[in-house]
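>>> coords below, sequence missing:
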C-alpha cells in the first residue's frame, strides 16, 4: 500500500479520490483503503489492527494535534470491533495511514503512522504521524527541544500535502505564471513562508507555480505585485543567454497571473505586497 502511495505521489498526484481508495487492489484482490460506509476508520475483517483513519471527525471520530506533534484520535461512539482494532494497533505496531480530507471525497495521506498509546478510560489513542518519531525511543517522553522539533516537522508533514492539494485544485493544476499543466512539475508556493508571521497554510497564501518559477520566486528573481502582475529581476532582464532564460523568465515580465475560478482563493494582495517589497529591495 505504501509503495502504491509513493508511486502515485512520485508521478505528480497531489490527492486521492474516494473511488480510487475504495478500489485499491493488492495481488489481484480488492482491499479498500477507507471505509465504504463513510466511517472514519478502516478495519479489514482479516486484519488484527486498523489499516487507516480519516482526520476531522468523519464517522463519529475526532482528532487533535497535540504539543509535540502527536495526534489524539477518539474511539468510535459505542463499543465494538473498530475500537478493539484501534487499540490493537498499539500491540501490533503495524503502521497505518492517516488521511486528511481536502474537499468532499478527496484526501491526502500521511504514512507510516503508528499508535503509540491507548487511553481506554478517556476513549482515545495517541497516533504518531509519519516516520520522524522512529528516531525517538519514546515519543511520549521526548526532551523539550526534541518535542518542539518533532512538533514543527509534524505540522509541516500534515499541512504541506493538504496545502499542495488545495492550491493545485484551486488553480486547476496549472502554473499561475506560464500555464504549464503537468502536475509533476508544479509546486504549491507560499507567498509568506509557513515559518514566518502570516505564513498560514491557506490557499490565499499560496500560488501554483512550476518548479522554475517557484525557485525564482523563492530567491527573489521573480516578484508578483499586489495587483497580480509578474516582475523579473532587472539583472535577469539584461542578461543574454539561451531560450530557457528568454522564454522561461524574461518573457514573463509584465504578464498577469492566471487566477483561480473562485475569488476567495485569489492570492491575498496584502501578503503579495509584503513579499513584493522584499523583491523590490
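Everything's here; your move. For clarity, every value in this text was computed on a predicted model and none was experimentally measured. Numbering: from 1, shown residues only.

>>> Could you find the closest non-adjacent residue to the spatially most central residue of the chain?
Residue closest to the average C-alpha location in the chain (C-alpha atoms, centre = their mean): residue 161, at 1.2 Å. With sequence-adjacent residues excluded and distances taken as C-beta to C-beta, 6 or more residues apart in numbering, residue 161 is closest to residue 108, at 4.0 Å. C-betas here are computed from N, CA, C, even on glycine.

>>> Which strands and helices lie in contact with the helix or strand containing the one you found?
Counting by DSSP states H and E, the element that carries residue 108 is strand 106-119. Other helices and strands packing on strand 106-119, by 3 or more C-beta pairs under 8 Å, 6 or more residues apart in numbering; DSSP states H and E, are helix 2-10, strand 16-17, helix 18-22, helix 81-92, strand 96-103, strand 124-128, helix 144-170.

>>> relative orientation of the first one and helix 144-170 in degrees?
Counting by axes from the mean of the first three to the mean of the last three C-alpha atoms, to 10 degrees, helix 2-10 lies at 60 degrees to helix 144-170.

>>> those strands in the stretch 151-281 of the chain, which residues are they?
Shown for the stretch 151-281 of the chain, the strands assigned by DSSP state E, counting those that start in this stretch span residues 186-190, 206-210, 222-224, 230-232.

>>> related to what we said a few turns ago, ok, now which ones touch the residue nearest to the centre of the chain?
Contacts for residue 161 (C-beta atoms under 8 Å, 6 or more residues apart in numbering) come out as 14, 100, 108-110.

>>> Just the closest of these to residue 47, please.
The shortest distance between residue 47 and any of the contacts of residue 161, using C-beta to C-beta, involves residue 109 and amounts to 17.6 Å.

>>> Identify the bridge partners of the closest one.
Each beta-bridge partner of residue 109 is listed here, defined by DSSP bridges: residue 99.

>>> still on that earlier bit, quick check: angle from the strand holding residue 108 to helix 144-170?
150 degrees.

>>> which of the residues in strand 106-119 are buried?
106-116, 118 (16 or more other C-beta atoms under 10 Å).

>>> Show me the contact partners of the helix or strand bottoming out on mean pLDDT in the chain.
When the helices and strands of the chain are scored by mean pLDDT, DSSP states H and E, strand 63-65 comes last with a mean of 81. In this structure, residues lying in contact with strand 63-65 by C-beta under 8 Å, 6+ apart are 53, 55-57, 71-74, 127, 154-155, 158.
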